[in-house]
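In: after the sequence you'll find the predicted model.
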Amino acid sequence: MKKIFLCFLAMLLLCKIEAQDSTAVIQPDTAVPLKLKFFEPAPKLHPWRFGLMTGGLVAGYTATSIGLAQAWYSDYDKSRLHSFNDWYGWRQHDKFGHLMTAYFESKWVGDLYYWSGVPKNKARWIGFAGGMLFQATVELMDGFSEAWGFSWGDMAFNTLGSGIYLGQELLWKEQRIYFKLSTHRPKYSTAPIQALNSAETSSLKERADELYGSSFAELFFKEYNGQTIWASVNIASFLPEKPKWLPAWVNLAFGYGIENVFGAERNKWYNETLSVFEAPDNLRRHSQIFFSLDVDFERIPTKSKALKTLFKVLNVFKVPFPAMEFNTLGQVKFRPFYF
């Protein structure tokens, strides 16, 4: 889920580029320049926007790739390109994170090029290719790192995420299903846990801080026990005729989350002194399926192009609503307010 930050970088780039755009479009039949508003898509190919957009994305892609190589991989030995099977890690939660990240990377790249005047159909395919390129780069970095490896499972979900964006565009000419994120910070116990092979102690709080971090930013891209990835489905868009009582922006949401996970495949870990710890038996790792309502911000009526751009950002996040939880422990829970 740390890769989701690429999405936010892309959106920040969009906002910056649009805020700087003060060029004019020349009307074909007259010499009078017509000002193009900041957030308004160009009616035809806009060379200034297209060039700045492409240059900005290339520069951002290059800088991000270099930054990731330094921040994530510089402390580990390099190796030949190799793959590894991480399907059973994190109860597949990270795979849905890949799907959501690739989905939004493709959507935003497609929207950026449509904004620069690229015809809609071509912009869709550019968006698909952009999402695949960003994610494949990270997977190749994993593949050349001794500590990780190229994951075919990750690539499958990357392709699925970008493909869902493109498929909806080609089939419906719109996005009826969004993939969204909600997250909260679980309360971890500070009770001491005795090591299995020494006198050292630790706690679930210490283990969670080590795995998932403790900062506000890390809450959004590392806190697996608190994250839910949602498929948010717009109801009205699937009906032949929308009922008058049903707002066009109301969605049904289906979420996937995990809980009590303190290691990739099992709840046992060791520290730098090789003391081995294990989570209490009563904290069983499990998966969760949620059903809830949501809001499709991009379907809220507004004439403001600036608000429409803001709504694109907000549509990354699931709106808090009551939810029903069904988990692999056989439990059914009602959550009166879930995020």
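Out: Arrived safely, thanks for sending.
In: every contact and neighbour count from this point should use C-alpha atoms.
Out: OK.
In: residues making contact with stretch 318-331?
Out: 180-182, 230, 232, 286-295, 332-339 (Cα atoms under 8 Å, 6 or more residues apart in numbering).
In: what about 6 Å?
Out: Contacts of stretch 318-331 from elsewhere in the structure, counted by Cα atoms under 6 Å, 6 or more residues apart in numbering, are 180-182, 286-292, 294, 332-339.
In: what of stretch 107-126?
Out: Applying Cα under 6 Å, 6+ apart, the set of residues contacting stretch 107-126 from outside is Pro41, Ala42, Pro43, Lys44, Leu45, His46, Arg49, Phe50, Gly127.
In: select only the buried ones of the contacts of stretch 318-331 in PyMOL?
Out: Here the buried members of the contacts of stretch 318-331 are turned into a PyMOL selection, burial being counted by 16 or more other Cα atoms under 10 Å:
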select buried, resi 180+181+182+286+287+288+289+290+291+292+294+338+339
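In: for Ser215, see how far away Trp125 is.
Out: When Cα to Cα, to the nearest Å is applied, the distance between Trp125 and Ser215 equals 37 Å.
In: neighbour count for those two, which is higher?
Out: More crowded of Trp125 and Ser215, by other Cα atoms under 10 Å: Trp125, with 19 against 10.
In: if I look at the more buried one, how far off is Thr137?
Out: In this structure, Trp125 lies at 18 Å from Thr137, with Cα to Cα as the measure.
In: also Arg185?
Out: In this structure, Arg185 and Thr137 are 30 Å apart, going by Cα to Cα.
In: now Trp115
Out: In terms of Cα to Cα, Trp115 sits 25 Å off from Thr137.
In: neighbour count: the two, which is higher?
Out: Each of Trp115 and Thr137 has its neighbours counted (other Cα under 10 Å); Trp115 has more, 26 against 13.
In: from Gln135, how far out is the more buried one?
Out: Applying Cα to Cα, the value for Trp115 to Gln135 is 23 Å.
In: and for Lys187?
Out: Per Cα to Cα, Lys187 is found 32 Å from Gln135.
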